[in-house]
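Asks: I'll drop the sequence and a predicted model, then ask my questions.
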Amino acid sequence: MLATRRACPARARQPALAAVLLVSLAGVGHSRVEEGIAGAVHLVFDAAHLLAAGAWLGGLVPLVLILSTNHRDREVSPAADLDQVLMRFSGMGYVAVATLVGTGLVNSWYLVGNVTGLLETAYGRVLVTKLVLFAGMLALAVSNRFWIVPSLARARTDRLSVWTARLRNHALCEQLLGLIVLLIVSVLGTMRPAIGQ
């Protein structure tokens, strides 16, 4: 019993440290351009944006591993366990996407300012590319949640592996698009924001 109590805080320590490291990136980016209250607000929204992106992309890694294991061996991860994992990921996904959209709008206000800045500057055009890829990730996530997961729940035993493989492939595509988005974000971090041009 005592070992279980000690294990729980130890398991929580790693995600907490990862979150702190992720949030610390907000302090070295474009959110440091403003001063005073505007700077603090931008920093908070940037940190929340980073956490939401980390939760979504980080959550896809174990999800793909679980789906791969489930696809190979139904005894390792029974269907009931898989359903529970998918519902938990889905709940986290709703929160992550809503946070990404909300914080992304606020960050865009600070860094782009208006539609002209979005369309007529190099920073804005790279940001549009990021948004298109994000829309692709979102389309895959919506497809997973409202088409593949319900189909998986209704599938007969002989069709479970087909739907599990399809869900795994969609999650892998989400990961790939997410990695490209991260690459674009790293480029955006080196560019002058549109609002200053």
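Replies: Yep, it's here.
Asks: number of nearby residues for residue 150?
Replies: Residue 150: 11 surrounding residues under other C-beta atoms under 10 Å. Every residue, glycine included, has its C-beta placed from N, CA and C.
Asks: name the helix or strand for it, please.
Replies: Using DSSP states H and E, residue 150 sits in helix 149-154.
Asks: quick check: buried residues in that helix?
Replies: For helix 149-154, burial by neighbour count (16 or more other C-beta atoms under 10 Å) applies to 149, 152.
Asks: which stretches of this structure have low pLDDT?
Replies: Applying pLDDT under 70 to the chain flags the ranges 1-8, 70-80.
Asks: so which residues of it form helices?
Replies: Under the criterion DSSP state H, the chain contains helices at 2-24, 36-72, 79-111, 115-120, 122-143, 149-154, 160-188.
Asks: middle-most residue in the protein, spatially?
Replies: In the chain, the centroid-proximal residue (C-alpha atoms, centre = their mean) is residue 56; its distance is 2.6 Å.
Asks: rewinding a little: for the helix holding residue 150, name the packing helices and strands.
Replies: Applying 3 or more C-beta pairs under 8 Å, 6 or more residues apart in numbering; DSSP states H and E, we find helix 149-154 packed against helix 79-111, helix 160-188.
Asks: picking that back up, figure out which of the helices of the chain is closest to residue 30.
Replies: helix 79-111 (5.6 Å; C-beta to C-beta).
Asks: circling back: redo the helices and strands packed on helix 149-154 as JSON lines? Include distance to residue 17 and mean neighbour count.
Replies: Converted to JSON lines, the helices and strands packed on helix 149-154 look like this (distance: least, C-beta to C-beta, whole Å; neighbours: other C-beta atoms under 10 Å):
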{"stretch": "helix 79-111", "distance to residue 17": "19", "mean neighbour count": "16"}
{"stretch": "helix 160-188", "distance to residue 17": "20", "mean neighbour count": "17"}
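Asks: a markdown table for the helices of the chain, including distance to residue 196?
Replies: Below are those laid out as a markdown table (distance: least, C-beta to C-beta, whole Å):
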| stretch | distance to residue 196 |
| --- | --- |
| helix 2-24 | 24 |
| helix 36-72 | 14 |
| helix 79-111 | 9 |
| helix 115-120 | 9 |
| helix 122-143 | 9 |
| helix 149-154 | 44 |
| helix 160-188 | 13 |
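Asks: much appreciated, bye for now.
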